[in-house]
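*Asks:* Predicted structure and sequence below. I'll ask about it afterward.
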Amino acid sequence: MEERKLFKRVYEKSIKEITDNPRRKRLGKLAKDKMQRKNLELKIAKESSIDPENVIVYLKSIKNPLSPYRENEDEPSLLIKMYKDGSLKPITEVIPIESREMISRVIYIFSPEEEKDKVEKAAEAVISTY
């Protein structure tokens with residue numbers, strides 16, 4: 001157990017922090033596009049001069065269960081009782097809410113701990129131009 005060589009999280013960035021909209025959209029699709037994720041891993045490995053097997057890119061979606069955004073249309077919407085007539089309406093009809101604010105996506109990059117500094121710098125460089 002003392003000599004386990006586990007990968008460590010060496011980089012973390014919220015998609016919301018990326019100001020370039022096309023880049024933010026490309027990075028936001030990493031969870032579903034395995035080829036794009038592998039391509040990003042290869043670029044980071046090349047930039048940091050390490051074996052591509054030592055870089056893992058992972059996109060985590062963190063959903064706010066209290067938000068009215070529904071990824072699955074079968075789920076009920078949050079309803080608001082209207083003051084004037086007492087009717088119930090879905091919150092999305094009353095208050096304009098953008099779905100990108102309802103799900104937070106975070107890019108994590110993992111590598112062996114001894115490669116942390118190189119991979120962290122390479123990840124920042126590659127992601128800033130991806």
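*Replies:* Perfect, thanks for sending it. Residues are numbered from 1 along each chain as shown.
*Asks:* Mean confidence (pLDDT) on the helix or strand harbouring Ile80, please.
*Replies:* Here Ile80, judged by DSSP states H and E, is contained in strand 79-81. For strand 79-81, mean pLDDT rounds to 76.
*Asks:* and that strand, which residues are buried?
*Replies:* Ile80 (16 or more other Cβ atoms under 10 Å). The C-beta positions use only the backbone N, C-alpha and C, and glycine is treated the same way.
*Asks:* Neighbouring strands - and their directions - for that strand?
*Replies:* strand 88-90 (antiparallel) (DSSP bridges).
*Asks:* Next, report how far the partner strand is displaced from the centre of its chain.
*Replies:* Here the centre of strand 88-90 is set off from its chain's centre by 31 Å, with Cα atoms, centre = their mean, to the nearest Å.
*Asks:* show me where this protein has strands.
*Replies:* Ranges of strands in the chain, per DSSP state E, are 7-14, 56-63, 79-81, 88-90, 103-112.
*Asks:* got the ones you listed as JSON lines, with distance to Glu47 columns?
*Replies:* Formatted as JSON lines, those follow (distance: least, Cβ to Cβ, whole Å):
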{"stretch": "strand 7-14", "distance to Glu47": "12"}
{"stretch": "strand 56-63", "distance to Glu47": "13"}
{"stretch": "strand 79-81", "distance to Glu47": "49"}
{"stretch": "strand 88-90", "distance to Glu47": "46"}
{"stretch": "strand 103-112", "distance to Glu47": "12"}
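*Asks:* Most tightly packed of those strands?
*Replies:* strand 103-112 (a mean of 19; mean count of other Cβ atoms under 10 Å).
*Asks:* Run the angle between it and strand 56-63 for me.
*Replies:* 150 degrees (axes from the mean of the first three to the mean of the last three Cα atoms, to 10 degrees).
*Asks:* Where does pLDDT dip in the chain?
*Replies:* Residue ranges of the chain with pLDDT under 70: 1-4, 64-78, 91-92, 95-103.
*Asks:* Cheers, nothing more for now.
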